[in-house]
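Engineer: just the structure for this:
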Amino acid sequence: MHDVLFQPLKLGAIEAKNRIFMAPLTRGRAADPVFVPNDLMATYYRQRASAGLILTEATGISVEGLGWPSAPGIWSDEQTEAWKATTQAVHAEGGTIILQLWHMGRLVHPYFLNGEFPVSASATKAPGHTHTPEGRKDYEPAREMTKEDIARTIGDYKRAAQNAKAAGFDGVQLHGANGYLVDQFLRDNSNFRTDEYGGSAENRTRFMREVLEAIIDVWGTDRVGIRLSPNGDSQGCDDSDPATTFSAAAKVIEELGLAFLELREPGPDGTFGQTDVPKQSPMIRDIYSGPLILNSDYDAQAAVNDIEAGLCDAVTFGRPFISNPDLPARISKGAEWAPNRDVPKSWYFPGEAGYTDYPTLEEAAAS
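Structural biologist: A predicted model of the protein is given here:
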């Protein structure tokens with residue numbers, strides 16, 4: 001019934017043993033205040049190594065780019081060394097793991113920047129509030145990045161990519177989705193620049209292209225992917241013509257020959273970021289010829305349907321992997337999926353509860 005999900009898939013030089021991928025999931029278990037990964041995180045990822053491919057939680061490329069409590073970073077030697085426990089644990093279980101590179105842009109609160117304002121494509125302010133160790137705080141206005149800021153940030157991405165290689169990852173994914181920095185450059189309601197990084201859709205893809213080129217210089221095209229979210233508002237980022245904007249982005253990705261492209265496409269009944277915007281994946285599928293991965297609110301049968309229909313090559317599952325560390329085995333056996341408990345508290349609170357204490361199917365049966 002679900003045989004297509006257990007077929008291997010080649011993504012550039014990356015060999016995925018099945019098409020049930022683990023989506024990036026921010027979990028907030030790194031050590032504060034220096035955002036260092038730890039052994040608990042290594043256990044968490046090891047437990048889920050049966051995924052065809054693990055995409056790590058979003059990982060900060062710099063102090064300037066990270067504004068989420070207890071999220072991990074990859075800019076320091078200490079962080080790089082600490083990530084080795086995770087990559088070694090996943091590899092010991094026969095798994096494959098990719099690091100997601102993250103700069104939050106205007107979504108970094110000044111709390112994390114010693115009172116300095118965050119940076120973005122333009123001088124804009126995200127709607128709503130964010131979470132800090134001192135509680136919820138309203139977002140603050142960002143300052144427009146100078147050419148020097150852009151060059152420096154591209155250098156930060158490259159250094160993070162180098163650190164990811166040193167830490168033993170199998171590749172990297174650029175986080176270009178969900179209203180973070182790359183997305184802030186792509187979309188026309190957050191990018192009002194009048195230089196070569198703004199204006200036309202092609203110009204608004206320039207920052208993404210230059211970041212990808214820097215990462216490719218470290219990894220080669222066959223171990224670099226990207227995540228985009230071409231549908232609707234995402235943390236205040238939106239676009240008046242998503243078909244044109246994301247067609248231009250897909251053309252860049254095709255020209256660069258990336259190993260894979262992941263699209264987050266929540267539906268109208270999605271539990272995260274509901275949207276009625278028409279899906280852009282069919283249009284992007286016509287432009288980008290490499291492996292396409294879809295994400296958001298899938299069950300096993302929906303994943304089978306979309307792969308067999310040729311809409312994608314694999315699916316990333318997010319929340320199901322939180323409470324089902326052995327999700328591929330459960331799908332294979334037609335077993336019930338365990339629900340998340342204490343949601344959303346357990347997603348982000350420190351400690352093992354709701355993180356590494358979910359049993360596998362075999363462990364649950366034995367107990």
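Engineer: contacts and neighbour counts: CA atoms only from here.
Structural biologist: OK.
Engineer: can you tell me the closest non-neighbouring residue to residue 21?
Structural biologist: Distances taken as C-alpha to C-alpha, 6 or more residues apart in numbering place residue 316 nearest to residue 21, at 4.4 Å, with adjacent residues excluded.
Engineer: pretty sure residue 123 sits against residue 142.
Structural biologist: Yes: Residue 123 sits in contact with residue 142 when judged by C-alpha atoms under 8 Å, with a separation of 5.1 Å.
Engineer: looking at the two now, which is surrounded by more residues?
Structural biologist: Taking other C-alpha atoms under 10 Å, residue 123 and residue 142 do not tie; residue 142 has more neighbours (23 against 17).
Engineer: local confidence estimate at the more buried one?
Structural biologist: Predicted confidence (pLDDT) at residue 142: the value is 98.
Engineer: before we move on, what about residue 272?
Structural biologist: On the pLDDT scale, residue 272 gets 55.
Engineer: now do residue 303
Structural biologist: On the pLDDT scale, residue 303 gets 97.
Engineer: what's the first helix or strand after the helix or strand bottoming out on mean pLDDT in the chain?
Structural biologist: Least confident helix or strand, the chain: helix 345-348 with a mean of 86, by mean pLDDT, DSSP states H and E. Sequence-wise, the next helix or strand downstream of helix 345-348 (DSSP states H and E) is helix 361-366.
Engineer: next, the buried residues of that following helix.
Structural biologist: residue 361 (16 or more other C-alpha atoms under 10 Å).
Engineer: and the contacts of that helix?
Structural biologist: 326, 329-330 (C-alpha atoms under 8 Å, 6 or more residues apart in numbering).
Engineer: the same query, at a cut-off of 10 Å, please.
Structural biologist: Residues outside helix 361-366 that contact it (C-alpha atoms under 10 Å, 6 or more residues apart in numbering) are 324-327, 329-330, 333, 335-338, 358-360.
Engineer: who touches the nearest residue to residue 248 once chain neighbours are set aside in this structure?
Structural biologist: The shortest distance from residue 248 to any non-neighbouring residue, by C-alpha to C-alpha, 6+ apart, is to residue 202 (5.8 Å). By C-alpha under 10 Å, 6+ apart, the contact list for residue 202 reads 186, 196, 244-249, 251-252.
Engineer: what is the nearest of those residues to residue 108?
Structural biologist: Nearest to residue 108, judged by C-alpha to C-alpha, of the contacts of residue 202 is residue 186 at 18.1 Å.
Engineer: tally of neighbours for that closest one?
Structural biologist: Neighbours of residue 186 (other C-alpha under 10 Å): 35.
Engineer: do the same with the one 10 residues further on
Structural biologist: The criterion is other C-alpha under 10 Å. On that basis, residue 196 has 13 neighbouring residues.
Engineer: give me the neighbour count for the nearest residue to it once chain neighbours are set aside.
Structural biologist: Spatial nearest neighbour of residue 196, chain neighbours left out: residue 203 (5.6 Å); criterion: C-alpha to C-alpha, 6+ apart. Here the number of neighbours of residue 203 (other C-alpha under 10 Å) works out to 20.
Engineer: same check, this time on residue 205
Structural biologist: Neighbour tally, residue 205, other C-alpha under 10 Å: 25.
Engineer: state whether residue 85 is indeed within a helix.
Structural biologist: Yes: membership of residue 85 in a helix is supported by DSSP: H, G, I helix; E, B strand; the rest coil.
Engineer: quick one: it and residue 194, what's the gap?
Structural biologist: 45 Å (C-alpha to C-alpha, to the nearest Å).
Engineer: rewinding a little: distance from the chain centre to the one helix or strand the residue nearest to residue 196 maps to, please.
Structural biologist: Assigned by DSSP H and E, residue 203 falls within helix 201-204. Its chain's C-alpha centre and that of helix 201-204 lie 22 Å apart, by C-alpha atoms, centre = their mean, to the nearest Å.
Engineer: tell me the mean pLDDT for that helix?
Structural biologist: Helix 201-204 shows a mean pLDDT of 98.
Engineer: pLDDT weak spots in the protein?
Structural biologist: 268-276 (pLDDT under 70).
Engineer: okay, and the beta partners of residue 234?
Structural biologist: Legend: beta-bridge partners of residue 234 under DSSP bridges are residue 237.
Engineer: which ones among the contacts of residue 202 map onto helices?
Structural biologist: Among these, the ones falling in helices (DSSP state H) are 186, 244-249, 251-252.
Engineer: are any of those residues buried, and which?
Structural biologist: For the ones in helices among the contacts of residue 202, buried by 16+ other C-alpha under 10 Å: 186, 245-249, 251-252.
Engineer: hmm, back to that, redo the contacts of helix 361-366 as CSV? Include neighbour count, distance to residue 159 and secondary structure.
Structural biologist: Formatted as CSV, the contacts of helix 361-366 follow (neighbours: other C-alpha atoms under 10 Å; distance: C-alpha to C-alpha, whole Å; DSSP: H, G, I helix; E, B strand; the rest coil):
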residue, neighbour count, distance to residue 159, secondary structure
324, 22, 34, coil
325, 27, 31, coil
326, 22, 33, coil
327, 27, 34, helix
329, 16, 37, helix
330, 18, 39, helix
333, 11, 43, helix
335, 11, 43, coil
336, 11, 43, coil
337, 16, 39, coil
338, 18, 39, coil
358, 23, 35, coil
359, 17, 37, coil
360, 19, 37, coil
